[in-house]
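Asks: give me a model of this one.
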Amino acid sequence: MSAQSDPFRLLEPKGKDISVKGDSNEHRAVATLLERGYNASLVDLKNSKYDIVIEVSSTEFLRLQVKTADSGSISLIGGVRGGRGAIHSDAMKYWYTPEICDCLVGVVSDRNNGGDTIDFYFVPTLWIENVFQQSIAVKKIQFTKNNFELLELCRNGEYVNQLFNDVKVKMK
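Replies: Reported below is the predicted structural model:
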């Protein structure tokens, strides 16, 4: 149903639609984590460089950055907004590193006959810090799709390097 034929939808600028999709994907991710038994919470700070925290122990947390990947790729850089207040300055761009967050979560959601199929692609920042490109195609990292073990081990350098060893990308 198009925006013009949907009487309950206001016509909105594309940037706002992108921002709403991103917010929705953050909620989809945290809902899935909660349903799987993780103690997860959205970060309610718009200037934060991560969107979700997962409690690992009383003193340890995983920091996740959620990225919409409906276009078939996951952005490995931050500092560029796709929605409200979109600013496209190279000076604001940065690659995600373990100092910023622990793992990116690429969310692909397909609407089909009123239902949703949602997939999550986990990309550890331990791997990203060695990559010299701005995005990764989800077809290159299918092994990360809904791989919650990878999420749990995203800070284990040996595990991450072994898992991503065959991914063909431009390395730093």
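
Asks: okay, now the unreliable bits of the chain?
Replies: 1-17, 81-91, 111-115, 171-172 (pLDDT under 70).

Asks: what do you get if the cut-off is 90, keeping everything else the same?
Replies: Along the chain, segments meeting pLDDT under 90 span 1-24, 44-48, 70-71, 79-93, 109-117, 129-133, 165-172.

Asks: so where do the strands sit in it?
Replies: 40-42, 52-57, 60-68, 73-75, 77-78, 94-95, 103-112, 115-124, 135-137 (DSSP state E).

Asks: to Lys168, which of those strands lies closest?
Replies: Lys168 lies closest to strand 135-137 among the strands of the chain, at 10.3 Å (Cβ to Cβ). (Each C-beta comes from the backbone N, C-alpha and C, glycine too.)

Asks: who does the closest one pair up with?
Replies: Strand 135-137 has its sheet partners listed here by DSSP bridges as strand 73-75 (antiparallel).

Asks: would you mark the buried spots in the longest helix along the chain?
Replies: Ranked by residue count and defined by DSSP state H, the top helix of the chain is helix 14-35. If you call a residue buried by 16 or more other Cβ atoms under 10 Å, then helix 14-35 has these buried ones: 18-19, 21-23, 25-26, 28-30, 32-33.
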